[in-house]
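Enquirer: Structure here, sequence nowhere to be found:
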């Protein structure tokens, strides 16, 4: 089990960019109790998800559910990926005044989130890429309102995936 959740203690969502130079890009098989969304920015990466290996290229997207067993291997020196970690709290009713993630409930409806790989090209690819980059930049800078930006961009990603029938 992976023991750590995020760079924002107490926040149910976090985003960051990992490059081939970062030791975290290569990870042995592990699991955790939060969701993970990975968007390949550049290079080639092999992701094993529940014993199914996939070769990922730029703009491919992976959604990992809690308790999925997965691993990541770098296949090129220019590999980079944007990662969003989030808990189920982001998807459920929450009455905290600062952020209102209950709006994410509308994305779930009759379509539960499922693990899997979405291979490029797909509709809204450029928009999803931009949203991941914005999320990573916001988490790195931590300017006032960055958590609101995270939720907003996350909602956009879910909406584009839902619109495409991938959620």
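Expert: Structure's in. What do you need? Everything numeric in this text was worked out from a predicted model, so none of it was measured.
Enquirer: From now on I want contacts and neighbour counts done on CA atoms only, so please keep to that.
Expert: Will do.
Enquirer: Could you pull up the residues touching residue 50?
Expert: With contact set as Cα atoms under 8 Å, 6 or more residues apart in numbering, residue 50 has these partners: 68-70.
Enquirer: Equivalent analysis for residue 12, please.
Expert: Each residue near residue 12 by Cα under 8 Å, 6+ apart is listed here: 85-90.
Enquirer: So which of these are in helices?
Expert: Among the contacts of residue 12, DSSP state H puts none in helices.
Enquirer: Please pick the buried ones from those residues.
Expert: In the contacts of residue 12, burial by neighbour count holds for 85-87, 90, counting by 16 or more other Cα atoms under 10 Å.
Enquirer: Pull the contacting residues for the residue nearest to residue 137 when sequence neighbours are not counted.
Expert: Leaving aside its chain neighbours, residue 137 sits nearest to residue 16 (7.5 Å; criterion: Cα to Cα, 6 or more residues apart in numbering). By Cα under 8 Å, 6+ apart, the contact list for residue 16 reads 82-84, 135-137, 139-140.
Enquirer: Can you tell me which of the contacts of residue 50 lies closest to residue 148?
Expert: residue 68 (28.0 Å; Cα to Cα).
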